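**Student:** got a predicted structure plus its sequence, pasted below:
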Amino acid sequence: MASRLRIACGSLVDDPVEKPGRSVDALWMAEALLVGGTVFASAATGLAAVVAWLAGSLGPAIGSLSLVAGGIAGVLAARSCHRGGRAAPGSGARSRLWEGLALAAFAAVSLRQFGWIVFERGGSLLTLVPNNYGDLPLHWTYVNYLAGGASFWPGNPILTHERLRYPFGVDLLTAVFVQLGARLPVLLPVMGLAGAALTALALRAWGGAFAVAGFLFAGGLAGLQVLATGELRDYQDAVAWKSLYVALLVPQRGFLLALPAGLLLLWSWRRRLVRRERAEGLPPWVEGIVWGVLPLVHLHTFLFVSVVFAAWAVAGRRVREALPTLAWAAVPATWAVWQVTDRFRAASLVGWRPGWMIGGEGPFLFLLLNFGLFLPLALLALCRAVIGRHREEILVLAPPLVVFAALFLVKLAPWEWDNTKVMLWCYVAALPAVFDLALARAWPWVRAIAVVVLFFSGAVSVLGASLGGGSRLEVLDLAEYDGVCRALAAVRTSRVATAQTFNHPVALCGHPIVAGYPGHLWSHGLDARDVEKRLGILMRGAPGWREEAKALGASHVFWGVREREAFPTSTRPWAESGAPVASGPWGALYRVD
């Protein structure tokens with residue numbers, strides 16, 4: 001077998017980057033941080049969701065209990081991996097150098113991206129990259145909505161008469177800290193950096209420096225355009241397979257916990273179910289907590305790791321060894337999936353979509369431009385695994401590549417690009433075997449060229465996105481936001497009728513609105529056509545507007561600059577019924593019920 005784990009008891013650091021002379025204490029510390037941090041966040045999130053559901057809403061006492069219990073679980077999980085042993089032999093200083101460079105690059109990009117995920121300039125809060133421009137206000141809305149005492153299971157704050165069908169686990173954990181006094185503009189970068197650190201440790205554990213660099217610099221060939229243009233920017237953003245770091249880890253906040261959680265599970269299952277190192281995986285209760293909470297955090301990740309778990313347990317003939325973990329995870333995972341999918345209604349989003357996003361492009365050109373050398377190297381690795389009868393590499397490669405191929409036939413959401421959220425896992429899961437079987441055996445100069453071609457475009461994209469030289473991306477105006485939040489704090493509302501914008505201050509303050517940004521509603525599989533039609537009648541003041549307000553559950557109408565632009569011909573009959581309940585430079589709030 002091309003690469004075997006050479007490891008002290010309980011250590012999470014796998015070949016090919018394990019070195020002699022490395023402090024065993026340092027290895028234990030990295031393991032304890034990864035396992036303890038992931039279990040803490042998972043347990044605290046799961047407990048907060050369950051207790052809030054039983055109590056009817058989230059409160060400071062529930063949040064405090066969840067954090068304390070999560071902390072205890074994290075400490076116990078970290079201690080369960082502290083078994084002692086010796087540092088494993090390895091290949092020496094050269095591997096340590098590459099590992100250090102990969103982790104340093106990951107740290108530098110993380111500091112830039114999450115340090116500026118939201119920042120103040122000229123009385124506004126801005127964000128660094130366009131990928132985060134639309135998603136950040138939505139997460140901001142969820143956090144303040146949950147922290148404001150939303151009933152559980154929560155209704156959807158951006159669409160009336162709908163339950164919240166979204167894995168909001170990381171936003172729920174953020175809301176816990178907000179309820180306990182933390183400020184959201186501070187929490188976002190802190191939690192982002194914490195999630196990025198756990199992700200780097202998990203990638204390092206799963207596949208060494210190659211996996212760290214492979215995730216950070218994922219891309220195809222689009223970035224080669226820099227050689228002709230001389231302009232450093234995110235060229236991958238123009239194709240389907242975008243920079244995984246910039247387009248997924250930064251804006252999709254669920255990945256901050258889903259990536260370390262999923263990789264931790266794959267690492268442990270690979271040791272116990274594939275390599276049959278019975279004593280070397282994580283305890284079943286640790287795996288069960290992390291796996292059982294995953295649907296609340298990121299449903300796509302839960303589905304992928306569950307498919308891999310089943311494949312490894314059955315193909316590896318380790319079903320009996322898999323049962324304890326399944327027993328721990330079954331009940332919480334079933335409950336979480338039931339809630340997040342609104343009693344499995346979200347399953348209707350899956351549909352037949354041959355070709356994924358190839359469209360009118362030729363398949364060969366599309367695959368080469370988007371994925372570069374990755375697919376040829378992955379197929380080469382699979383062929384060598386089959387020919388050489390490398391059992392481990394076959395089991396590690398086959399499920400991700402089969403799922404990857406299937407994603408070119410079906411779509412998992414209304415926007416077919418969302419398949420990328422599972423393709424990411426297919427790519428990351430295959431990286432260790434791709435290196436071991438397709439690159440490690442090559443001549444050094446061939447390997448060097450392959451790695452440069454494989455990572456060049458992604459490196460250009462990440463560097464270009466980190467420069468931040470684009471247009472001004474204003475998330476919110478601080479004066480308007482503070483004024484609206486103060487006004488709403490003094491008024492009891494149910495739903496507020498507003499214009500449908502992605503960063504409306506009413507929603508950002510955590511108050512549910514009748515209908516939010518159409519792009520958010522559509523991408524989440526929500527049919528809002530009837531609601532939007534009724535909202536239009538209400539906001540224009542057309543005949544029957546009062547009846548529509550009642551049907552929509554709207555207690556108030558907000559009228560500001562966005563509403564004047566969206567409904568310029570409105571007669572505003574509610575303004576004739578009496579003075580607004582609140583007003584200011586930001587606009588006015590009228591009662592309509």
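**Tutor:** That came in fine, so what should we check first?
**Student:** contacts only, for C383.
**Tutor:** If a contact means CB atoms under 8 Å, 6 or more residues apart in numbering, then C383 has no contacts. Every residue, glycine included, has its C-beta placed from N, CA and C.
**Student:** how near is it to Q113?
**Tutor:** To Q113, C383 is 37 Å away according to CB to CB, to the nearest Å.
**Student:** C-terminal to the helix or strand hosting V39, what's the next element?
**Tutor:** Using DSSP states H and E, the element containing V39 is helix 24-55. Toward the C-terminal end, the helix or strand that comes next after helix 24-55 (DSSP H and E) is helix 60-80.
**Student:** first-to-last residue distance for stretch 565-583?
**Tutor:** Taking CA to CA, to the nearest Å, the first and last residues of stretch 565-583 lie 18 Å apart.
**Student:** who touches that stretch?
**Tutor:** Taking CB under 8 Å, 6+ apart as the rule, stretch 565-583 contacts 487-488, 490-491, 499-500, 536, 539-542, 545, 556-557, 559, 563, 588-592.
**Student:** excluding sequence neighbours, find me the nearest residue to Y166.
**Tutor:** Closest residue to Y166 apart from its sequence neighbours, by CB to CB, 6 or more residues apart in numbering: H524 at 6.3 Å.
**Student:** give me the below-cutoff pLDDT ranges for the stretch 51-200 of the chain.
**Tutor:** Along the stretch 51-200 of the chain, the parts satisfying pLDDT under 70 run over 82-94.
**Student:** before we move on, back to that, name the residues of the helix holding V39 that come out as buried.
**Tutor:** With burial defined by 16 or more other CB atoms under 10 Å, the residues of helix 24-55 counted as buried are 27-28, 30-53.
**Student:** do the same with stretch 470-480
**Tutor:** Buried residues in stretch 470-480 (16+ other CB under 10 Å): 473, 475-477, 480.
**Student:** so which of the residues you listed belong to strands?
**Tutor:** With DSSP state E as the criterion, strands contain 475-477 from among the buried residues of stretch 470-480.
**Student:** output these as CSV; include the columns pLDDT and distance to R320.
**Tutor:** Formatted as CSV, these follow (pLDDT from 0 to 100; distance: CB to CB, whole Å):
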residue, pLDDT, distance to R320
V475, 95, 51
L476, 95, 54
D477, 96, 60
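**Student:** name the nearest of the residues you listed relative to A413.
**Tutor:** V475 (24.2 Å; CB to CB).
**Student:** just to revisit the earlier point, among the contacts of stretch 565-583, name the buried ones.
**Tutor:** The buried subset of the contacts of stretch 565-583 (16+ other CB under 10 Å) comprises 487-488, 499-500, 536, 539-541, 545, 556-557, 559, 563, 588-592.
**Student:** show me what counts as buried in stretch 455-468.
**Tutor:** Applying 16+ other CB under 10 Å to stretch 455-468 flags 455-466 as buried.
**Student:** redo the residues you listed as TSV? Include secondary structure and pLDDT.
**Tutor:** Below are those laid out as TSV (DSSP: H, G, I helix; E, B strand; the rest coil; pLDDT from 0 to 100):
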residue	secondary structure	pLDDT
F455	helix	96
F456	helix	96
S457	helix	96
G458	helix	96
A459	helix	97
V460	helix	96
S461	helix	95
V462	helix	96
L463	helix	95
G464	helix	94
A465	helix	93
S466	helix	93
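**Student:** could those residues go into TSV alongside distance to L172?
**Tutor:** Formatted as TSV, the buried residues of stretch 455-468 follow (distance: CB to CB, whole Å):
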residue	distance to L172
F455	35
F456	39
S457	36
G458	31
A459	34
V460	36
S461	31
V462	29
L463	34
G464	33
A465	28
S466	29
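**Student:** right, I'll call it a day here.
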